[in-house]
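Undergrad: give me a 3D structure for the following:
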Amino acid sequence: MERKKTANRKRIVLTIEEKLNIIRRLENGESAAKLASDVNLGLRTIYDIKRAKTKLWKFFKKTDSSAGPSYLKVIKKSKFHQVDDAVHQWLLQLRATGAPISGFMVMEKARQVHKELGIEQPFLASSGWLRHFKRRRGIRALALLDEKPSANLSVIQSTKETFEKLCEDQDLNPEQVYSADETGLFWKCLPTFTLATKQVETTPGIKVSEERVTVLVCSNVTGTHKLPLLVIGKFARPRAFKDLDIHQLPVDYYHQKKAWMTRDIFRSWFIYKFVPAVKLRMNMVGLPHKAVLLLDNAPVHPDDGSLCFGDITVYHLPSDVRAMLHPMEQGVLQNLKLHYRKDLLSSLVFGVENDLLAFSKYYNIKHAVYSIATAWEKVDQITLQRSWRKLWPCIEESEELIQESEEEQEQDSLVENFVENLRNVPGYEDVNGENVSEWLVVDSADPGYRLLDDTEITGDVPSTKVENSSEEEEEEEEEEEEEGELDEKSNEVVEVVVEEEMLMLKVKEEEVEDKKVVEVEVELDEEMVDVSKISHKKAVQAFDTVIQYLEGQSDTERQDILLCMALRDRALEKKNHYLK
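TA: Predicted structure coming up:
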């Protein structure tokens, strides 16, 4: 019996990008059979692509240019794959810092890595190797040269088109698209001025330059959903957090011995903070549980598929366009730190401790956490929307929103304001604009995570760098505790003495739409207290006491403390009309 002939299907080889699109469609609920029919592939091939999901996403995440997946069809492995991996990791890390890179630098690094790995087989880092390395890793020529940013226009355009297509394919609107980025914050750093800071720097127990935290910022495109900041400190429970429920802080607080972001911390934040917050937000606005989080290619952002929960996924921005396209790099982080430093300066100049040395001892991590949370509240909706204009200009700015947004101060005018106020602090009489300008960007190059050294990149031998001995850690913790120590006062009654009379503050609780709201009522006996004689300084002290009381209550909510912080800041601002 003659066997029936079957038509031979033309062999089709898909690009990496096309394979990823198939994976996206499968995750969106399309059947494998329908996909096989649409793209003219066998059902087995579709399932093979699905099984390779982690490998494909990992390659896409590590690709230095968004154009790579659009032309690469297979993931090739070099004979010297250890050298390839180490050089590529070094390249991504260097790219994340915004440093220019040349082909000669890459070849020289490859030779160095080959030697450090102790590979006996001869290796020639020639221009031919460089060409194949770039192709294997999806690196376009324009993404690797030390040229001006304008030279990367084609890469920028390709990235924008890829991201726009992603949002279109997944039917995402601006409410469902988020971005996040971490940065280091020198929370206790003041303008460097020899006469003013010499005494502080030489005082035992005060390490101003080493006081840093990492802050992660996250918001959606519309600016209507700003997640609480993630703040990473050095200690699980600093002395300044004594008698304080950490879950009541206006931020999500984590700890790491050097206050760096790590893969584990980021993964934990994504799973336990970001995903639940997005689902709750989608319920509120009547949208499906679907979203994408835009991230850069930082090594602390996991690439093992763990950042994917149903239709809530991540998109890694190629490192060669991070500085030019990442929304948080378009003024959001700068705006956040500017508001923080305004508040820090206000606390120094008009606070309870006007003396620089006394202020350095007084101002602790708890003050910094509340101040950075308040600064995040002040980053307005229009700033967040405008940060997306270069990557995904999908929102038309309304006149009403623009009018509601605070007017941006000119940099020169802002520096002049800071200089004028600082000169009121003893020791800062001769501070100048250059000192302040340097202070405003003192931590701009801190990525929020530790950069790997060459030994760790090669992975051949463990790092010999000792971060801290246990004795040094104990000493640092002791100093942190001393610096942040709070006076032990009873929280049973909240009392503020005003000119030998008593101003009683009562906390009233009531249910409003199933949500507990704490209102602060002030009972004033007009015969006992002359309100017109209450100074701004005493008002600030009163709010500090109320805040301390609220921190000791198990049912206090974040909004309650933030409200008191805002009122406290208003009292501080009234001491000087030109410090806004």
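
Undergrad: who's the closest residue to D446 other than its chain neighbours bridged to?
TA: Nearest non-adjacent residue to D446, counting by Cβ to Cβ, 6 or more residues apart in numbering: G184, 2.8 Å away. Quick note: C-beta positions are derived from backbone N, CA and C, even for glycine. With DSSP bridges applied, G184 shows beta-bridge pairing to T214.

Undergrad: quick one, what contacts G184?
TA: 212-215, 443, 446-448 (Cβ atoms under 8 Å, 6 or more residues apart in numbering).

Undergrad: in the chain, which spans are strands?
TA: With DSSP state E, the ranges of strands along the chain come out as 177-185, 213-220, 230-233, 252-255, 290-295, 311-316, 495-498, 501-512, 515-523.

Undergrad: give me the buried positions along the second one.
TA: I take that to be strand 213-220. For strand 213-220, a neighbour-count test (16 or more other Cβ atoms under 10 Å) marks 213-220 as buried.

Undergrad: ok so, going back, the strands of the chain: lowest mean pLDDT?
TA: Comparing mean pLDDT over the strands of the chain, the weakest stretch is strand 495-498, at a mean of 31.

Undergrad: mind checking the longest helix of the protein?
TA: helix 332-350 (DSSP state H).

Undergrad: export that helix as CSV, just CAs?
TA: Output in CSV follows, covering the C-alpha atoms of helix 332-350 (Å, rounded to 0.1, in the frame of the first residue of the first chain):
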residue,chain,number,x,y,z
VAL,A,332,12.4,62.0,40.0
LEU,A,333,15.3,60.9,42.1
GLN,A,334,16.8,64.4,42.0
ASN,A,335,13.5,66.0,43.0
LEU,A,336,13.1,63.5,45.9
LYS,A,337,16.6,64.3,47.2
LEU,A,338,16.1,68.1,46.8
HIS,A,339,12.9,68.0,49.0
TYR,A,340,14.8,65.9,51.5
ARG,A,341,17.7,68.3,51.7
LYS,A,342,15.3,71.3,52.0
ASP,A,343,13.8,69.5,55.1
LEU,A,344,17.3,68.6,56.5
LEU,A,345,18.4,72.2,56.1
SER,A,346,15.2,73.5,57.7
SER,A,347,15.7,71.2,60.6
LEU,A,348,19.3,72.5,61.1
VAL,A,349,18.6,76.2,60.7
PHE,A,350,15.2,76.5,62.4
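
Undergrad: packing partners of that helix?
TA: If you count contacts as 3 or more Cβ pairs under 8 Å, 6 or more residues apart in numbering; DSSP states H and E, helix 332-350 packs onto strand 177-185, strand 213-220, helix 356-362, helix 365-378, helix 381-386, helix 411-422, helix 433-440, helix 558-573.

Undergrad: repeat that with 6 Å
TA: On a contact count with 3 or more Cβ pairs under 6 Å, 6 or more residues apart in numbering; DSSP states H and E, helix 332-350 meets helix 365-378.

Undergrad: show me what the helix it packs on is packed against.
TA: Applying 3+ Cβ pairs under 6 Å, 6+ apart, one finds that helix 365-378 makes contact with helix 332-350.

Undergrad: tell me the angle of the helix it packs on relative to helix 411-422?
TA: With axes from the mean of the first three to the mean of the last three Cα atoms, to 10 degrees as the basis, helix 332-350 and helix 411-422 are set at 30 degrees to each other.

Undergrad: make 37 the starting number, not 1.
TA: Will do, 37 is the new start, and the previous item becomes helix 368-386.

Undergrad: tell me the confidence at I155?
TA: For I155, pLDDT reads 85.

Undergrad: ok, it to V119 distance?
TA: Applying Cβ to Cβ, to the nearest Å, the value for I155 to V119 is 7 Å.

Undergrad: which residues touch the longest helix of the chain?
TA: With Cβ atoms under 6 Å, 6 or more residues apart in numbering as the test, helix 368-386 has contacts from 219, 395, 407-408, 411, 414-415, 419, 423, 457, 460-461, 608, 611, 615.

Undergrad: what subset of those is buried?
TA: Among those, the ones that count as buried by 16+ other Cβ under 10 Å are 219, 395, 407-408, 411, 414-415, 419, 423, 457, 461, 608, 611, 615.

Undergrad: now stretch 593-610: buried residues?
TA: Buried-residue list, stretch 593-610, by 16+ other Cβ under 10 Å: 593, 596-601, 603-605, 607-609.

Undergrad: next, count neighbours for Q292.
TA: The local packing of Q292 (other Cβ atoms under 10 Å) involves 18 other residues.

Undergrad: so what pLDDT did it get?
TA: 95.

Undergrad: from E197, how far off is it?
TA: 38 Å.

Undergrad: let me see the mean pLDDT of stretch 121-132.
TA: Taken as a whole, stretch 121-132 has a mean pLDDT of 77.

Undergrad: in terms of residue numbering, what are the domains of this protein?
TA: Domain ranges of the chain: 52-107, 117-173, 206-228+245-477, 572-614, per the TED database.

Undergrad: and of those domains, who's closest to L189?
TA: domain 206-228+245-477 (9.9 Å; Cβ to Cβ).

Undergrad: now the end-to-end length of the closest one.
TA: 38 Å (Cα to Cα, to the nearest Å).

Undergrad: of the buried residues of strand 249-256, closest to M143?
TA: Nearest to M143 among these: T250, at 34.0 Å, using Cβ to Cβ.

Undergrad: ok, that closest one - contacts?
TA: Contact analysis of T250 by Cβ under 6 Å, 6+ apart lists 218, 220, 268, 295, 297, 484.

Undergrad: tell me the one of these nearest E204?
TA: Minimum distance to E204 across the contacts of T250 is 28.5 Å, recorded for E218 (Cβ to Cβ).

Undergrad: what is the neighbour count of that closest one?
TA: E218 has 28 nearby residues by other Cβ under 10 Å.

Undergrad: test my guess that it contacts A295.
TA: No: counting by Cβ atoms under 6 Å, E218 stays clear of A295, with 11.0 Å between them.

Undergrad: picking that back up, I155 and V119: which is more packed in?
TA: Neighbour totals were compared for I155 and V119, and V119 leads with 25 against 14 (other Cβ under 10 Å).

Undergrad: V472 contacts T228, correct?
TA: No: judged on Cβ under 6 Å, V472 makes no contact with T228 at a distance of 9.8 Å.
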